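Colleague: Attaching a predicted model along with its sequence, questions to come.
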Amino acid sequence: MEVILKEDVKNVGHKNDIVKVRDGYGRNFLLPKGLAIVATPSARKVHAENVKQRAHKEEKLKGDAVQIAKQLEKVTLKIGAKTSSTGKIFGSVNTIQIAEALKEKGVEVDRKDITIKGDHIKEVGTYVANVKLYKDIKVEISFEVFSE
């Protein structure tokens with residue numbers, strides 16, 4: 001079954017992509033949740049027209065993402081956490097705290113677009129996170145967790 005995605009679907013495709021999925025996945029998940037529509041000939045024509053109109057907007061979004069990526073390469077984050085005397089963090093550092101630290105530096109990023117490399121952060125140290133800014137534009141940022 002071929003469908004046109006209305007939103008980004010992880011491990012399937014991005015918004016406005018025409019993708020081939022298994023019939024059951026399309027009928028039972030994508031279509032009922034409103035994440036996709038069936039790629040009929042008339043839907044393909046409407047999709048083609050929409051893609052033409054959005055091409056200019058896409059270029060602007062991609063350009064903005066490249067500028068933000070350049071800003072993020074220069075940024076170094078320091079995140080404070082309450083720790084025990086041995087350096088173990090009470091709780092863990094998560095993407096929400098990274099997004100807030102980026103916001104303080106003047107870069108607005110959704111927390112859902114941040115992934116932390118490795119396991120949960122439970123100790124003081126330096127770590128790496130990936131920030132997805134656009135479809136194919138990702139930036140690695142390093143951040144340091146210190147004891148407050």
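Modeller: Arrived safely, thanks for sending. Residues are numbered from 1 along each chain as shown.
Colleague: What ranges in the protein fall below the confidence cut-off?
Modeller: Low-confidence segments of the chain, defined by pLDDT under 70, are absent; every residue clears the threshold.
Colleague: where's the longest helix anywhere in it relative to the chain centroid, distance-wise?
Modeller: Here the longest helix in the chain is taken by residue count, with DSSP state H as the criterion, and it is helix 41-74. How far helix 41-74 lies from its chain's middle: 15 Å, per Cα atoms, centre = their mean, to the nearest Å.
Colleague: Go through this structure and flag its longest strand.
Modeller: The strand spanning the most residues in the chain, taking DSSP state E as the definition, is strand 138-147.
Colleague: what's that strand in contact with?
Modeller: Around strand 138-147, the neighbours that count as contacts under Cβ atoms under 8 Å, 6 or more residues apart in numbering are 69, 72-73, 75-83, 87, 89, 93, 98, 101-102, 121, 123-133. Just so you know, the C-beta spots here come from the backbone N, C-alpha and C atoms, and that holds for glycine as well.
Colleague: measure stretch 128-137 end to end?
Modeller: End-to-end distance of stretch 128-137 (Cα to Cα, to the nearest Å): 16 Å.
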